[in-house]
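Chemist: with the sequence up front, the predicted model follows.
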Amino acid sequence: MFTEEGLKLDPASVLPEHPNPIFERPGFISLNGEWDFAIDQNQNPPAKYDLKIVVPFAVETPLSGIERRVKKNDHLHYRRIITMPENYNGELYLLHFDAVDQICYVYLNGMLVCHHEGGYTPFSGILKNLVPGDNELWVEVMDDTDSEIYPRGKQMNQNGGIWYTPTSGIWQPVWMEKIPEEYILGFRTIPNFDRKNVFIHVNFKGFISSSKVQAFANGSLVGEGQLDEKGDVTIDLADSFHPWSPDDPFLYDLKIRVNEDEAKSYFAMRKISSTEVNGHKIFALNNRPLFLSGVLDQGYYPDGGLTPPSEKAMVDDIELIKRLGFNMIRKHIKLELRRWYYHCDRLGIVVIQDFVNGGSPYKKLFINLRPFIVWQEDDKDPKKQKILGRGNADSRKHFVNEIPETVNALVNYPCIAIWTLFNEGWGQFDTIKNLDLLMLLDSTHLVDANSGWFDQGVGDFCSHHIYFKKPRLKNDGRRILSLTEFGGYSCRVEDHSFAPKAFGYRGFKDLPSLSKGIVSLLTEHALPLVKEGLSASVLTQLSDVEEEVNGLITYDRAVIKVDGKEVAEANRKLVHAYDEVNE
């Protein structure tokens, strides 16, 4: 099955846009496209590369050109020749991999450049031994999808139902950029909405001898300053203050120059918090109550897997969500391409960002029965950790290590308002400790510590998943009441479905009845809870995914399965009712 964008794919121009618009140096070189490829069970470079793969599509996907399942002992070998001009005289280049699943070693001309283990977070290395002419870049990857050590999201070798085809190897953009000997390692932007200024901290390799940080609004300079010895600067924006919101997603441009290095970025003036109204804790944006009506988005495509076939494919999904009257997306169990967050920033979508789950395979009966049973919930207990898939100490350690990697990759995007630490107990452990670490790294966002169940009573949300009955919820006044998954209504569309099997939580015979059911979920299930202080609802889900046919659109994005005007009107009523209750 292919999307329209997948059918138009040109292997010579795959996702050619700059992969990281929030940290963009003047020039970059995309390494997406065709690479030499081989699969064997040997860790050494192969004698012959007999295949071609289109990077950055995972080995299992049609768009990769391979479409093959990867076994536990397989070694994936990628080769790309980087040709430098004859007058190349040793300038440094930084090589970026935005996501590779799972264990990755990168070599240039036989010398190790970098090594990474994980699958969802970006990493990079300096190309120190480039020479004029041809340079051989060799990437070796191993992927054991069912490993209990690494994050896997919704991947499973025995895919079906809510579990999907594995993703192996390079699956997000690969690119390189020139850097000076002393260069910007990264930076953090923290808007102070109440004081109408923005704080910027720059991490720099070397000694800062000169610097300039400038903020622009609609192309005009509105504030500037120099970094102090710590790499800090605060820019006052009182005279050009323009808040960001879903209705008015205003972005400031940012330029940072330190010594010989420079980068451009952007930021937004917005504040994420909770407030109390009518005895209820509720979500607030810019100190005002805002109802978050959103959809669950798992970011899968039938031809590219976790990788969108094009920039347009991502934008089309986000724009459809806006047209249907939603103002929020829960990015479910996946870190998306960084340009996806940029488009949410510029189009005005609030994002709930999940951390990626892992651990040993979950006990099906236990996970499936949890919505119907009461269980003593203590994720500090080693026995309970084992049941939840985190009996392995290395697995727990890896998750803890990925918390700062995830935060560092995404924290600057204005659209992200809420982190989801654990979902439905998948690989859950030591919630309180992990929450403390997350809040130490970032106190500017809210946290849903336990989405669905296995609640530890901490975090900013009392978060529920309800699929099989009409929700009846009460706000306890301590945390924000949220319905972070509901619906799951399904309808299989012939000729636009991935598999003959159909999975959903309630089936409908045709699209008109499905559409009425979706409208009913918004107006008869979510709306009555507004008086209880419900602040967020997340409808399952944006698109069909493999056997799951409970999307608002089909998996190939060819058929919108609901009446757009009726769904948008239902969302309008929901938001209006919230505004009336919390004025």
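Modeler: Ah, there it is. Numbering: from 1, shown residues only.

Chemist: work out for me the element Ala417 sits within.
Modeler: strand 416-423 (DSSP states H and E).

Chemist: what's in contact with that strand?
Modeler: The contact list for strand 416-423 (C-beta atoms under 8 Å, 6 or more residues apart in numbering) reads 272, 285, 292, 330, 332-333, 341, 350-355, 357, 410, 428, 431, 434-435, 438, 442, 445-452, 454, 459-461, 484. From N, CA and C alone the C-beta is placed, and that goes for glycine too.

Chemist: ok, that strand: who's next to it in the sheet?
Modeler: Strand pairing for strand 416-423, determined by DSSP bridges: strand 350-354 (parallel), strand 446-451 (parallel).

Chemist: please work out which of those is packed deepest.
Modeler: For the strands paired with strand 416-423, the largest average neighbour count (mean count of other C-beta atoms under 10 Å) is found in strand 350-354, namely a mean of 26.

Chemist: now that strand, how far from the centre of its chain.
Modeler: 8 Å (C-alpha atoms, centre = their mean, to the nearest Å).

Chemist: and the average pLDDT for that strand is what?
Modeler: Taken as a whole, strand 350-354 has an average pLDDT of 98.

Chemist: what sits up against that strand?
Modeler: Strand 350-354 has contacts (C-beta under 8 Å, 6+ apart) with 246, 285, 290, 292, 294, 327-335, 341, 344, 410, 413, 415-420, 423, 448, 451, 484, 536, 538.

Chemist: could you rerun that using 6 Å?
Modeler: 292, 327-333, 344, 415-420 (C-beta atoms under 6 Å, 6 or more residues apart in numbering).

Chemist: next one: stretch 297-304
Modeler: For stretch 297-304, contacts defined as C-beta under 6 Å, 6+ apart pick out 1-3, 6, 57, 61-63, 308-309, 329, 331-332, 334, 336, 498, 542, 545, 555-556.

Chemist: give me the phi and psi angles of the residue sitting nearest the centre point of the chain.
Modeler: Central residue of the chain (C-alpha atoms, centre = their mean): Leu335, 2.8 Å from the mean position. Phi and psi for Leu335, reported as degrees, to the nearest 10, are phi -90, psi 130.

Chemist: mind listing what it touches?
Modeler: Tyr120.

Chemist: how much space between it and Leu410?
Modeler: According to C-beta to C-beta, to the nearest Å, Leu335 and Leu410 sit 7 Å apart.

Chemist: okay, and the common contacts of the two?
Modeler: Joint contacts of Leu335 and Leu410 (C-beta under 6 Å, 6+ apart) do not exist.

Chemist: where in the stretch 301-450 of the chain is pLDDT low?
Modeler: Counting by pLDDT under 70, the stretch 301-450 of the chain has low-confidence residues at 364-377.

Chemist: domains in this structure, by residue range?
Modeler: 4-179, 183-267, 272-581 (automatic domain parsing).

Chemist: show me which helix or strand of the chain is least confident by mean pLDDT.
Modeler: Least confident helix or strand of the chain, by mean pLDDT, DSSP states H and E, is helix 364-369 with a mean of 65.

Chemist: following that helix, which helix or strand comes up?
Modeler: Following helix 364-369 toward the C-terminus (DSSP H and E): helix 382-387.

Chemist: before we move on, the earlier item: can you show me the CA trace of the strand holding Ala417 as PDB?
Modeler: The C-alpha trace of strand 416-423 is given here as PDB (Å, rounded to 0.1, in the frame of the first residue of the first chain):
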ATOM      1  CA  ILE A 416       5.200  21.000  23.100                       C
ATOM      2  CA  ALA A 417       3.200  21.700  26.200                       C
ATOM      3  CA  ILE A 418       3.000  18.300  28.000                       C
ATOM      4  CA  TRP A 419       5.300  15.300  28.400                       C
ATOM      5  CA  THR A 420       3.800  11.900  28.800                       C
ATOM      6  CA  LEU A 421       6.200   9.800  30.900                       C
ATOM      7  CA  PHE A 422       4.500   6.400  30.900                       C
ATOM      8  CA  ASN A 423       1.600   5.100  28.900                       C
END
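
Chemist: name the helices or strands packed onto the following helix or strand past it?
Modeler: Sequence-wise, the next helix or strand downstream of strand 416-423 (DSSP H and E) is helix 431-441. If you count contacts as 3 or more C-beta pairs under 6 Å, 6 or more residues apart in numbering; DSSP states H and E, helix 431-441 packs onto helix 393-410.

Chemist: show me which residues of the helix it packs on are buried.
Modeler: Judged by neighbour count using 16 or more other C-beta atoms under 10 Å, the buried positions of helix 393-410 are 395-396, 398-399, 402-410.

Chemist: now do the SS call for Arg79.
Modeler: strand (DSSP: H, G, I helix; E, B strand; the rest coil).

Chemist: report the contact partners of it.
Modeler: By C-beta under 6 Å, 6+ apart, the residues touching Arg79 are Asp36, Tyr49, Trp138.

Chemist: check the gap between it and Phe187 for me.
Modeler: With C-beta to C-beta as the criterion, Arg79 and Phe187 are 34 Å apart.

Chemist: again, but for His343
Modeler: On the measure of C-beta to C-beta, His343 and Phe187 end up 21 Å apart.

Chemist: now Ile81
Modeler: 33 Å.

Chemist: so for these two, which residue has more residues nearby?
Modeler: Shown here are Ile81 and Phe187; by other C-beta atoms under 10 Å, Phe187 has more neighbours (21 against 11).

Chemist: state the helix or strand in which the more buried one lies.
Modeler: Using DSSP H and E, Phe187 maps to strand 183-192.

Chemist: chain center to the next helix or strand after that strand: distance?
Modeler: Using DSSP H and E, the helix or strand that follows strand 183-192 towards the C-terminus is strand 197-205. Remark: strand 197-205 is offset 24 Å from the chain centroid, using C-alpha atoms, centre = their mean.

Chemist: pull up the pairing partners for the helix or strand that strand 197-205 is followed by, direction included.
Modeler: Downstream of strand 197-205, the next assigned helix or strand under DSSP H and E is strand 211-217. With DSSP bridges as the test, strand 211-217 is paired with strand 220-225 (antiparallel), strand 252-258 (antiparallel).
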